[in-house]
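>>> Curious how this folds, go ahead:
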Amino acid sequence: MNEVFISDNYQITNKATGQMVKFLPAGSDTKGLLEMETRYMPFSEEPPVHYHPYQDEHFQVLAGELTIRLNGEVKIYREGATIHIKRGEKHSIWNSGFKETIVSWKVTPSMNTENFLRTITWLANVGATNKSGVPKLPNAIFLLMKYQDVFRLERPPFLLIRLLYVLFLPHFFLFDYHRKFNNPTF
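Sure thing, here's the model as predicted:
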């Protein structure tokens, strides 16, 4: 395992954002559920507003406070609060508080979310993102198409992402993106 990316099979830490995600083992009765615990550093930046077209998310604030922009409205949730974000709801989540925030995070159905999170973290940890953890343009376009079932940006519109993907296809083939992003060096 590449220590730059992951400390063990169950936990990843994004060096750009400071966010840590611990993947929790799920039993056979939770098929289709991805359960995680995540930690946000104090004063983390708001990520791009996005949505999940086929998944619901459930959060419980275990410590600290969580700031959520949901359908354009910003609220702060404190320890003990539970939040349900339905598929298709536009949102962003961060910690605007003074203390580290710990959150229980469940995604249903799990689909390819774990691979998406691992890939984004890998890119951040090898310096292929900006300081906010957003991948550079060609990588972002490729990933937005590869993981379109689990993650879409509010802006630009998905139709524009598809058009950009077609325009970048020669670049993706030339630099073998399908192999590179099929099995990033974790």
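>>> Can you pull the phi and psi angles for the residue nearest the centre of the chain?
When C-alpha atoms, centre = their mean is applied to the chain, the residue found nearest the centroid is L117 (4.9 Å). For L117, the backbone dihedrals (degrees, to the nearest 10) come out as phi -60, psi -40.
>>> Repeat that for L169.
phi -50, psi -50.
>>> coming back round to it: and the nearest residue to the residue nearest to the centre of the chain once chain neighbours are set aside, what is it in contact with?
Once flanking residues are discounted, L117 sits nearest to V21: 5.9 Å by C-beta to C-beta, 6 or more residues apart in numbering. C-betas here are computed from N, CA, C, even on glycine. Neighbouring residues of V21 by C-beta atoms under 8 Å, 6 or more residues apart in numbering: Q11, I12, T13, N14, M36, E37, T38, W105, L117, T121.
>>> Could you tell me the per-residue confidence at the residue nearest to the centre of the chain?
pLDDT for L117: 96.
>>> how far does stretch 121-133 stretch from start to finish?
By C-alpha to C-alpha, to the nearest Å, the extent of stretch 121-133 from end to end equals 8 Å.
>>> average pLDDT for it?
Stretch 121-133 shows a mean pLDDT of 93.
>>> how far does that stretch sit from the chain's center?
12 Å (C-alpha atoms, centre = their mean, to the nearest Å).
>>> List the buried residues for it?
For stretch 121-133, a neighbour-count test (16 or more other C-beta atoms under 10 Å) marks T121, W122, L123, A124, N125, A128, T129, G133 as buried.
>>> Then stretch 129-147?
Residues 129, 133-135, 138-147 are the ones in stretch 129-147 that count as buried (16+ other C-beta under 10 Å).
>>> Thank you kindly, that will do.
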